[in-house]
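Chemist: requesting a structural model of the entry that follows:
(2 chains)
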There are 2 protein chains.
Amino acid sequence: MPNWRCSMETNILDNVLAQMRNALKQKEIQHAVAILQSLRLPDQAELLGELNNDEQVRLLPRLSPAESADILEEMDEEDAAELAAALPATAVISIVEEMAPDEAADLLGDMDPIQAEAILAGLENPEEVRPLLLHSDDSAGGLMTSEFLVLRQQMTAAEALHTIHNWKPGAEMIYYLFVVDQHGRLCGVVNLRQLIVAEPETLIMNIMDTEVISVPTGTDQEECARLMTRYDLLALPVVDENNRLLGVITFDDITDVLEDEATEDIQRLGGAQPLDRAYLSTGVFTIARKRIGWLMLLFITESLTGSVLRFFEDELQAVVALSFFIPLLIGTGGNAGSQTTSTIIRALAVGDIDKKDVARTFWHEIRTGALLGVVMGIVAFVRARIWGSPNTLAITVSIAILTIVIWANALGAILPLLAAKLRIDPTVVSGPAMSTLVDATGLFIYFQVARMILKL
Amino acid sequence: MPNWRCSMETNILDNVLAQMRNALKQKEIQHAVAILQSLRLPDQAELLGELNNDEQVRLLPRLSPAESADILEEMDEEDAAELAAALPATAVISIVEEMAPDEAADLLGDMDPIQAEAILAGLENPEEVRPLLLHSDDSAGGLMTSEFLVLRQQMTAAEALHTIHNWKPGAEMIYYLFVVDQHGRLCGVVNLRQLIVAEPETLIMNIMDTEVISVPTGTDQEECARLMTRYDLLALPVVDENNRLLGVITFDDITDVLEDEATEDIQRLGGAQPLDRAYLSTGVFTIARKRIGWLMLLFITESLTGSVLRFFEDELQAVVALSFFIPLLIGTGGNAGSQTTSTIIRALAVGDIDKKDVARTFWHEIRTGALLGVVMGIVAFVRARIWGSPNTLAITVSIAILTIVIWANALGAILPLLAAKLRIDPTVVSGPAMSTLVDATGLFIYFQVARMILKL
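Modeler: Residues are numbered from 1 along each chain as shown, chains lettered A, B, ... in the order given. Below you'll find the model as predicted:
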């Protein structure tokens, strides 16, 4: 996903940023506002995010509350909360009034609770937002909006279109319309296409789809994203235990979830806990904290490797040349394991394999490992001979590498699947974890092979 | 993205699969068809994909061509092409007739060219599909459909809605409607919401947005996905060099692109070339081929580490205990580097940092490295003393680890940004590549520190 390719676009934004900073410095605030207003919304949010807090606070009150609301909704959640905290409460109240309830709840949830309460108290309809604050940010309840239009079964298609015409909903809310009974229980869905294509006098109950996919409020956001992607849904209704419609998750919230989840997986595979916000906005202490746990655990495990070396001290003393191949052997093992584990973890995440596929996956990787091991074994033999090692040592190295690669592939295939079976996130089997595991065990294999072949 | 959590759902599909297999074995094909028809489309495609080729070929002709077309569009592209190749040409022709032109082109593009040509020749309108075959699968031209409805500027909103009512377009085609002039040049876009919300007599030219985001046919699919995600677009128009509208990319194609791109990044970060299709459908030889290149290159680089060891042979002979800490030191360095590089690469991909942020990123990681290095240095000192190493050796190890962690963080931050500047995909700096680089350089640092402190 190469944002780094879009150099032209970035350069344009850089230029605009320089112009804006210049205008602000010269106190030409009206000019700065005009520049901002000439941009598309996502670009406005990015640009405002690049300004410092002081510049933001001077600029934002010059926009209308509706414009400010749009920009805050588009910004990084934590950045938006920081900016809102720096504005006067009355300004924030009129901005929040313009926000969709789910976005307002997200913003208030990220602010200091006392400030948030003061703003809530100033709203015209705080009861639209308050219940949404109870849901966790990464659950269906936290993603949904409570502002939606419902249809009734006895309406005609023409009446439904007329209702929509008068309601003038937001763009992301209009494509799916949910049908409820007199108790507010979800009983069907029609999409806008069906309403337009249908003959005007058709009753909703005759075109609606009654098998609606819905989720309870507590559903994890990943599961919501997975359902919407799998079934190509533009909106997903959220219901309570009595199937009453509480809110709707729309497609624009889901692409962000998908991106965040892939980011978390990649950071975990690199052997670190995921960061909660954008990289450069995360402090050095926080980044270090997210990494130190794994680094320490791997350090302790890696001590094992030292112990293995101490255990084979006599063999090392006898044939010092054995030590030259240590980095080569454990390095290759770690690399093969890391290749395997990242492939398997991603295949699990996208559903290409399933935790019941243990045997097939294991067999797949054993054979891949054997193929790779034979090739690497031959190369290692040649390499050892070029270094002037005797034939017996060269054979030791090449048999060790064959065994280690098969072992690393088997481990890389089995461990993530085992984690999944135990309902642990398979990304715990990160690349670094694999290298560390293979280091100790690989050395053990190496010295065992050396003992046998070199008769130590 | 935990597909592994949805055990219940998977179990249901497993049950249905068992029922279907049973029905097929007992020659109750009508029953098997009924089971298939009771499912939602993505589940139908998954289930059919689980059957073997023989079972598929018996089942598919019992469905209507339209049903078959929907299922083939939903299946993995390579699996669909394999299945189509096994069906009689006449059956395939009537199925392809029911497909959207972009999907038909995808299917034919994955089939044997001679078979594909025979099917094209049998189609009613081969000229709808043929031009699409010229575009690469992963470009805008390969993603777009050539079947779309255009509006004219002088139409009213009511006339536009009437046109759409009569045209009855597919669900993914209806939300954005593009406006062209008499030469077919793109001059605006209206979404369905605007048409419904507008007063019926409003002219299209008065509600359309004239600043349309469009791409040329050659645009990479990642760039298309990035634009649609950033601007929350449900459709992206594709134009020729004269701004004539050639086709439209719809949102349902884009979630797949996003998923595929994240998969490729993760596989590359694990140190392997990405696979073109689902893991278990990829043969062992292909998987090995995708991995051997990196494994070999890293092996050669890792030989350097052996050379560093040989270079310091005298020091090793003098203090054998130095060798016990080798795995610990280079392991920790590799892990720290791998943590950094995965964070930086993902931050680049999602646009959190930019290749112009080199200095800030470098400084961020130097400080993080210093923090982590101090903590790890203290732990290493304690560890060395527990192993009974003398104070001087323990100090050597802890200074070495501090230096190595800072070095690994700096390298992990700079290399991906450098790759991006050189317009190379930053994922070349995979976890395995980082470990291997840090192995050789880390050892060098270790022995230099040892020389100074132990006065070797």
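Chemist: rest of the way, CA atoms for contacts and neighbours
Modeler: Noted.
Chemist: all the helices of the stretch 201-350 of chain A, residue numbers only.
Modeler: With DSSP state H, counting those that start in this stretch as the criterion, the stretch 201-350 of chain A has helices at A:204-207, A:221-230, A:251-269, A:284-311, A:313-318, A:326-349.
Chemist: those: which one's closest to B:Val438?
Modeler: The stretch from these with the least distance to B:Val438 (C-alpha to C-alpha) is helix A:326-349; that distance is 10.9 Å.
Chemist: thinking again about what came up before, which of the helices of the stretch 201-350 of chain A sits most buried?
Modeler: Burial among those, expressed as mean neighbours by mean count of other C-alpha atoms under 10 Å in any protein chain shown, is greatest for helix A:326-349, which shows a mean of 28.
Chemist: the helix or strand following that helix to helix A:326-349, inter-axis angle?
Modeler: Read in the C-terminal direction, the helix or strand following helix A:326-349 is helix A:358-386, with elements assigned using DSSP states H and E. In terms of direction (axes from the mean of the first three to the mean of the last three C-alpha atoms, to 10 degrees), helix A:358-386 departs from helix A:326-349 by 160 degrees.
Chemist: beyond helix A:358-386, next helix or strand please.
Modeler: Using DSSP H and E, the next helix or strand after helix A:358-386 towards the C-terminus is helix A:391-421.
Chemist: domain parsing for chain A?
Modeler: A:3-134, A:150-258, A:279-453 (automatic domain parsing).
Chemist: of those domains, which is nearest A:Ala272?
Modeler: Across the domains of chain A (criterion: C-alpha to C-alpha), the nearest stretch is domain A:279-453, sitting at 4.8 Å.
Chemist: can you check the pLDDT for the residue most central in space within chain A?
Modeler: For chain A, the residue whose C-alpha lies nearest the mean C-alpha position (C-alpha atoms, centre = their mean) is A:Glu261; its distance is 1.7 Å. pLDDT, the model's per-residue confidence, is 79 for A:Glu261.
Chemist: ok, A:Val308 next?
Modeler: According to the model's per-residue confidence, A:Val308 sits at a pLDDT of 84.
Chemist: now for it: which residues touch it?
Modeler: Neighbouring residues of A:Val308 by C-alpha atoms under 8 Å, 6 or more residues apart in numbering or on different chains: A:Ala440, A:Leu443, A:Phe444.
Chemist: just A:Ile366 next, same as before
Modeler: A:Ile366 makes contacts with A:Ile406, A:Asn409, A:Ala410, as judged by C-alpha under 8 Å, 6+ apart.
Chemist: for B:Ile292, see how far away the residue lying closest to the first one once chain neighbours are set aside is.
Modeler: Among residues not flanking A:Ile406 along the chain, A:Gly369 sits closest, at 4.3 Å (C-alpha to C-alpha, 6 or more residues apart in numbering or on different chains). Distance, A:Gly369 to B:Ile292, using C-alpha to C-alpha, to the nearest Å: 10 Å.
Chemist: what's the answer for A:Asp209, then?
Modeler: With distances defined as C-alpha to C-alpha, the gap from A:Asp209 to B:Ile292 amounts to 51 Å.
Chemist: among the contacts of A:Val308, which are in helices?
Modeler: Residues of the contacts of A:Val308 located in helices (DSSP state H): A:Ala440, A:Leu443, A:Phe444.
Chemist: which of these ranks first by neighbour count?
Modeler: The most crowded member of these, judged by other C-alpha atoms under 10 Å in any protein chain shown, is A:Leu443 (23 neighbours).
Chemist: number of nearby residues for A:Glu82?
Modeler: Neighbour count of A:Glu82, defined by other C-alpha under 10 Å: 15.
Chemist: let me see the contact set for it.
Modeler: Listed by C-alpha under 8 Å, 6+ apart, the contact set of A:Glu82 reads A:Met111.
Chemist: hmm, try it at 10 Å
Modeler: Neighbour list for A:Glu82: A:Asn53, A:Leu107, A:Asp110, A:Met111, A:Asp112 [criterion: C-alpha atoms under 10 Å, 6 or more residues apart in numbering or on different chains].
Chemist: give me the common contacts of A:Gly369 and B:Ile292.
Modeler: Contact criterion C-alpha under 10 Å, 6+ apart; residues shared by A:Gly369 and B:Ile292: A:Ala336, A:Val375.
Chemist: kindly present the contacts of A:Ile366 as CSV, with separate columns for neighbour count and pLDDT.
Modeler: Formatted as CSV, these follow (neighbours: other C-alpha atoms under 10 Å in any protein chain shown; pLDDT from 0 to 100):
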residue, neighbour count, pLDDT
A:Ile406, 24, 96
A:Asn409, 31, 94
A:Ala410, 24, 95
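Chemist: coming back round to it: wait, which of the helices of the stretch 201-350 of chain A is closest to A:Gln44?
Modeler: Closest approach to A:Gln44 among the helices of the stretch 201-350 of chain A is made by helix A:251-269 (17.5 Å; C-alpha to C-alpha).
Chemist: the inter-axis angle of the lowest-mean-pLDDT helix or strand in chain A versus helix B:391-421?
Modeler: Across the helices and strands of chain A, the lowest-confidence element by mean pLDDT, DSSP states H and E is helix A:7-25, at a mean of 74. Between helix A:7-25 and helix B:391-421, the angle comes out at 100 degrees (the same axes, to 10 degrees).
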